[in-house]
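Visitor: just to be clear, the model below is a prediction. Sequence and coordinates:
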Amino acid sequence: MKPANARILTINGGSSSIKFAIFDAADSLQRILEGGIERIGLPAATLRVKGVNQADNFSRPVAAPDHTVAVGALMDWIEERIGRDALTAIGHRVVHGGPKYHAPALITKEMVEELRQLKPFDPEHLPEEIQLTEAFHRRFPDLPQVACFDTAFHHDLPRVAQLLPIPRRYEAQGVRRYGFHGLSYEFLMAELARLAGTEAAQGRIVLAHLGNGASLAAVHHGKPVDTSMSFTPTAGVPMSTRSGDLDPGLVWYLAHTETMSAKQFNEMVNFQSGLLGVSETSSDMHDLLDHETQDVRAAEAVALFCYQVKKWIGAFAAALGGLDTLVFAGGIGENAPTIRTRICDGLGFLGIELEEKRNAASEGVISAASSRVAVRVIRTDEEWMIAKTVCLVLGRIIERDRENSV
């Protein structure tokens, strides 16, 4: 049984941000506060908070030259707002679990050391994520912390989907397709079962998580079949600043013509490509849609994104042997009817047909009555999934301790 004042803090660290939410977990998971620190390492960093009470809503500047200082400011505010002893546990989104970690688990000193060894797997996220867990441990040494791995959902991909066509010896080093956005996909599958029933959730499903980071996953019988991201989150469809799939020959070409180093190439494909690279103006889909009629570069960036997502839907329909449900989620997937229309245009041969008014209103079901494929918009909630996972892990620990004490 959870204590009456159970509070779960969720932490989602990005390259220049820390998102958080606080849930009351006494009876059921109720979000009471959420927000984040944005523009870490950049001028004009801000702490933004939104709560169930209007008085909790604010945005103010903070000093955040790096993640350690930023999380210190966040912890100061948490202590001031809810008290030092109000938290029951902390759940962290950890992007890459590598070959070993494929289930949520308590963060231990041994785990942190092993995650350090995984930094080459995910140099864009893991260093900051480790810093965050250590900062919370220094401030709250007795508070349980749980790692929720974004790769876990895809752990049981069929072997043919895991294998990368490179020399086999690299597989022994853990080089394979991992897939990401797993917390989002796990939430979407649970919501699909709740909204449409168990039979629909067991069908042939393509989940499209389209946001600043974008990926797709194919699911059948409730199990992952394939996913667009691969060894790193850079693969798959073009994203805000990530390239998605590229010809690997570009590495040699740019090294030869521009003396580009591996580090510079990594920087280019992660932070200078995608929508930003093609448009040369913005990584934000809303901005590009606003300017596409005046700027051909913006129009081409939008067109490339929609075209590539459409190709992946078609490819996954082939892998699934057909399609029963298509789900749009993420900032773009949930809020950009125009993008959904362009992605689905021409997919009538798969049985996809949108209802224009429902799509324009971003209703839960946007497919036409005559559509053979149900097309849905589901608002994803990674923070809720992290909080639920923390409760499950702590519940298992409590049960294990109780059994051991008998």
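Guide: Yep, that arrived. This one's a predicted model, so the numbers in the text were calculated from it and none came from an experiment.

Visitor: rest of the way, CA atoms for contacts and neighbours
Guide: OK.

Visitor: dump stretch 103-112 to CSV, restricted to CA.
Guide: Taking Å, rounded to 0.1, in the frame of the first residue of the first chain, the C-alpha atoms of stretch 103-112 are listed here in CSV:
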residue,chain,number,x,y,z
ALA,A,103,13.5,-3.2,-17.9
PRO,A,104,13.0,-0.4,-15.4
ALA,A,105,15.1,-0.7,-12.3
LEU,A,106,16.3,1.1,-9.1
ILE,A,107,19.4,3.2,-9.8
THR,A,108,22.4,1.9,-7.9
LYS,A,109,26.0,2.9,-7.8
GLU,A,110,26.8,-0.1,-10.0
MET,A,111,24.2,0.9,-12.6
VAL,A,112,25.6,4.4,-12.8
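
Visitor: contact partners of it?
Guide: 130, 144-149, 152, 389, 393 (C-alpha atoms under 8 Å, 6 or more residues apart in numbering).

Visitor: try it again at 7 Å.
Guide: 130, 144-149, 152, 393 (C-alpha atoms under 7 Å, 6 or more residues apart in numbering).

Visitor: please, where are all the helices along the stretch 301-406 of the chain?
Guide: Along the stretch 301-406 of the chain, the segments classed as helices by DSSP state H, counting those that start in this stretch run 330-335, 337-344, 356-360, 382-405.

Visitor: where does Glu403 land on pLDDT?
Guide: Per-residue pLDDT puts Glu403 at 51.

Visitor: same check on Asn5?
Guide: 67.

Visitor: do the same with Ser240
Guide: 95.

Visitor: kindly report the same for Gly91.
Guide: pLDDT at Gly91 comes out at 97.

Visitor: what lines up beside the helix or strand harbouring it in the sheet?
Guide: Assigned by DSSP states H and E, Gly91 belongs to strand 89-94. Here strand 89-94 is paired, per DSSP bridges, with strand 7-13 (parallel), strand 145-149 (parallel).

Visitor: contacting residues around the spatially most central residue of the chain?
Guide: The geometric centre of the chain, computed from its C-alpha atoms, lies nearest to His181 (C-alpha atoms, centre = their mean), at 3.6 Å. Counting by C-alpha under 7 Å, 6+ apart, His181 touches Asp150.

Visitor: ditto for Leu164
Guide: Contacts of Leu164 (C-alpha under 7 Å, 6+ apart): 176-177.

Visitor: now do the contacts for the closest residue to Arg242 other than its chain neighbours.
Guide: Counting by C-alpha to C-alpha, 6 or more residues apart in numbering, Arg242 lies nearest to Asn270, which is 4.3 Å off, once chain neighbours are set aside. Residues in contact with Asn270 (C-alpha under 7 Å, 6+ apart) are 234, 241-243.

Visitor: next one: Asn12
Guide: Contacts of Asn12 (C-alpha under 7 Å, 6+ apart): 18-20, 92-93.

Visitor: for Thr68, same thing?
Guide: Per C-alpha under 7 Å, 6+ apart, neighbours of Thr68: 131-132, 135.

Visitor: spatially nearest residue to Leu143, not counting backbone neighbours?
Guide: Nearest to Leu143 is Ala89, by C-alpha to C-alpha, 6+ apart, at 5.7 Å.

Visitor: so that neighbour makes contact with Leu9?
Guide: Yes. The pair formed by Ala89 and Leu9 meets the contact definition of C-alpha atoms under 7 Å, at 6.4 Å.

Visitor: so between those two, which is more surrounded?
Guide: Neighbours per residue, other C-alpha atoms under 10 Å: of Ala89 and Leu9, the larger number sits with Leu9, 24 against 20.

Visitor: was I right about the more buried one contacting Ala21?
Guide: Yes. At 5.8 Å, Leu9 and Ala21 qualify as touching, with contact defined as C-alpha under 7 Å.

Visitor: spatially, which two of the contacts of Asn270 are the most separated?
Guide: Thr234 and Thr241 (9.4 Å; C-alpha to C-alpha).

Visitor: can you tell me how far Phe58 is from Ala70?
Guide: Distance of Phe58 to Ala70, computed by C-alpha to C-alpha, to the nearest Å: 17 Å.

Visitor: many thanks, have a good one.
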